[in-house]
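Q: Just the structure for this:
(2 chains)
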Amino acid sequence: MPGKVSGDLPPRKGDIFQKKIVELISDLEYRELCRRRFGLDFVAEPPPEKIDMPKSGIPDKVFLRPLFSPKGKTAFEFKAGTKLQLGKIAEEVNERISEINADERNPVKDIAGGVIVTDLKVSPREIDRILEKYGVYLWDISTLCFLTSKVFTRKKWTKSRVVVLEERLDEWTTILRCTGTYPRSNCLKINIAMYYQNPLKQLELKRSEDVLVLLTQRIQEIVKEITLTTYVGLEIHSISGSTEELDENFHKVLEKQNQKLIIYVKEEALLSCYDIAPWHYFLSIIKR
Amino acid sequence: MELELKIRKGDISITIRGSSKEEILQKIDDALALLEGAMEKLKVKKIETITIPAVPIVEAPHISPPPASCRDAIVKLLSTDWGKTPRTLSEIIEAMKINGIYFEKARVAGDLLALTRGGITRRLKTEAGFAYILAQPV
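A: Next comes the predicted model:
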C-alpha cells in the first residue's frame, strides 16, 4: 500500500527506496503520471518503441521502453525487504489496475500492465511464474543494476557534440550507440553498449553471434560508402548472465565480425552480466 | 587655351583654372588662403580611424585519395582543418568543386542528413544558416 508497504521496511527506509526507484524510472525517461494515488505507488508513460532521428540530429528521447515491461501506461509497485509474497502483491496490483481502468473518469485509466520493483534477488523461474500467472513484470535487484548501467553509460558518453541513442536490434536486444570521429587519425569510432534484456534466459553463444551479425550490418548502414576505418568499442550487457561457452569464446566471436573497414577493438570489448554479482559492471569500469 | 594648376598640401588639393598665366597667378593667393582655411577646419575635427581586420585566408581543403562517394567526400572534407569550423551546404559544395568533385546539391544535402542521423556529423545553427561539423571523438 502506498506510504506503508514499500515491502517490510520501516516507513522512512521504504520512502527512501521508493524515491531512489522513481529517480531511476525517470532517468529511463518514463513520464510520471501520478505518484501514490489510486492505491498505486507510481504510474508512468514509458519511453517510445522507436526513436526517429530528427533532421537536427538531436533526438528528444535517448531510451526505448525497457523490453521486459508492459507496452503502454505502466503501474509500478515498489517492494523492499525480505518477506515478500510476490503472488499476493501481483494480485493486488492487478486488482487496482482493473479498478482504475473500469473507472471512466479516472485520469490515469488505460493502464497496460504492472511492474513489481523489488530490491531482492528473484530467480528467473519465479519471475517467469509471476508473468505467466498474473501478467505482471518483476524487476529485481539484477534488473535494477542492469537498468542503472544504461543510465550510467548514457551519462558517461554524453558530450556537447555527441549523440547517444538507443535502437532495437531484435526481440530482446537493444543497442545504445554514440559515434565520434578522430580527424587526425582519419578514422571513425562508434561506441556500442548492447543490452540483452531477457531476464528468463541466459545469453548463449549462438544468439550472441546472431545479434553481432545484426549489429555489424547496422554499423555498415551507418558508415556506408565511407572509406575511413571504423573502430567499434563494444560492451555487451546481459541481464540474465551468459553461458560458459560464450564466456570462453567471446573474443573469438568478436574477431569473426572484423571486416576490412570495421574493427572491433579487443581491448575495449566487455561482457557484463547481472545475474550473479550485479554490481560488478561498475567495479570493472573503475578498474579500467 | 584653358590652363590648370593643381596645388596639394597634405591630404588636400585645390585646382585653379584660367585662360592665361596671368589670370592663374592672380588667383593663387585666394586659392592658398582657401587651402589654409580648409586645413585649419580639418585640424579641429577629430579624424576617426577604423582598423579593418585582416580577413583570415582559409586554405581550400585538399583531400586525397579521391573519395569513393559523396558521403566519403563530405566526411573527408570535414576531417580536414577546414572542417573544424562548421560548414554550410554551399561551402561544402564549393570545397568539393575545388577538389574536382561534382554532386548535385540535393544529393549532398541528403547525404549530410543521413550522416547527421547516423551520428557522424552534427548540424548546428549558425548566422550563415545550418552548418555541419563532425561529431566529437568518443
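Q: Can you tell me what sits against the helix or strand hosting B:K43?
A: Per DSSP states H and E: B:K43 is located in helix B:21-44. Residues outside helix B:21-44 that contact it (Cβ atoms under 8 Å, 6 or more residues apart in numbering or on different chains): B:3, B:5, B:7, B:9-10, B:12, B:14, B:16-18. For the C-beta atoms, the positions are set from N, CA and C on the backbone; glycine is no exception.
Q: Among these, which one is most surrounded by other residues?
A: Within the contacts of helix B:21-44, most neighbours by other Cβ atoms under 10 Å in any protein chain shown means B:I16, with 19 neighbours.
Q: That residue belongs to a helix?
A: No: counting by DSSP: H, G, I helix; E, B strand; the rest coil, B:I16 is not part of a helix but strand.
Q: ok, now which ones touch it?
A: B:4-7, B:24, B:27-28, B:31.
Q: is it true that A:K201 touches A:S240?
A: Yes: using Cβ atoms under 8 Å, A:K201 is in contact with A:S240, at 6.2 Å.
Q: Could you list the low-confidence segments of chain B?
A: For chain B, applying pLDDT under 70 flags the ranges B:1, B:44-59, B:138.
Q: who in it is up against chain A?
A: B:67-72, B:75-76, B:78-80, B:83-84, B:113, B:116-123, B:133-138 (Cβ under 8 Å from any Cβ of the partner chain).
Q: Out of those residues, list just those in strands.
A: B:121-123, B:133-134 (DSSP state E).
Q: between these, which is closest to chain A?
A: Relative to chain A, the closest of these is B:L134; by Cβ to the nearest Cβ it sits at 4.2 Å.
Q: Does the closest one touch B:W82 like I think?
A: No: in this structure B:L134 lies outside contact range of B:W82 using Cβ under 8 Å: 11.7 Å.
Q: Compare those two (neighbour count), which wins?
A: Ranked by neighbour count (other Cβ under 10 Å), B:L134 and B:W82 place B:L134 first, with 24 against 18.
Q: Excluding residues flanking it in the chain, which one is nearest that one?
A: A:T181 (4.2 Å; Cβ to Cβ, 6 or more residues apart in numbering or on different chains).
Q: Return the set of residues that bridge with that neighbour.
A: A:L188 (DSSP bridges).
Q: residue contacts, it?
A: By Cβ under 8 Å, 6+ apart, the neighbours of A:T181 are A:187-189, B:75, B:79, B:120, B:134-137.
Q: Is it possible to mark the buried ones in these?
A: Taking 16 or more other Cβ atoms under 10 Å in any protein chain shown as the criterion, what is buried in the contacts of A:T181 is A:187-189, B:75, B:79, B:120, B:134-135, B:137.
Q: how close does the residue of chain B positioned farthest from its centre get to chain A?
A: The centre of chain B is farthest from one residue, B:E22, which by Cα atoms, centre = their mean lies 50.8 Å away. Computed as Cβ to the nearest Cβ, to the nearest Å, the B:E22 to chain A distance reads 78 Å.
Q: sorry, back to before: are any of the residues of chain B next to chain A buried, and which?
A: Applying 16+ other Cβ under 10 Å to the residues of chain B next to chain A flags B:67, B:70-72, B:75-76, B:78-79, B:83, B:113, B:116-123, B:133-135, B:137-138 as buried.
Q: tally of neighbours for B:I63?
A: The burial count for B:I63: 19, using other Cβ under 10 Å.
Q: now the nearest residue to it once chain neighbours are set aside: how far from B:I93?
A: Closest residue to B:I63 apart from its sequence neighbours, by Cβ to Cβ, 6+ apart: B:K76 at 4.4 Å. Distance of B:K76 to B:I93, computed by Cβ to Cβ, to the nearest Å: 14 Å.
Q: Same question for A:P59.
A: Applying Cβ to Cβ, the value for A:P59 to B:I93 is 27 Å.
Q: got it, and B:T85?
A: 16 Å.
Q: Looking at those two now, which is surrounded by more residues?
A: Ranked by neighbour count (other Cβ under 10 Å), B:T85 and B:I93 place B:I93 first, with 18 against 12.
Q: quick one: which helix or strand includes that one?
A: Assigning secondary structure by DSSP H and E places B:I93 in helix B:89-98.
Q: Can you give me the first-to-last residue distance of stretch B:114-122?
A: 11 Å (Cα to Cα, to the nearest Å).
Q: For that stretch, which outside residues touch it?
A: A:53, A:55-57, A:161-163, A:165, A:177-179, A:181, A:188, A:221-223, A:226, B:71, B:74-75, B:78, B:112, B:123, B:132-135.
Q: Pull up the residues of chain A that are close to chain B.
A: A:53, A:55-57, A:157, A:159-163, A:165, A:177-183, A:186, A:188-191, A:221-228, A:233.
Q: In helices, which of those residues fall?
A: Among the residues of chain A next to chain B, the residues falling in helices (DSSP state H) are A:157, A:221-223.
Q: and which of those residues is nearest chain B?
A: Distance to chain B across these (Cβ to the nearest Cβ) is lowest for A:I222, with 4.1 Å.
Q: So the closest one sits against A:I175, correct?
A: No: A:I222 sits out of contact with A:I175 when judged by Cβ under 8 Å, with a separation of 11.2 Å.
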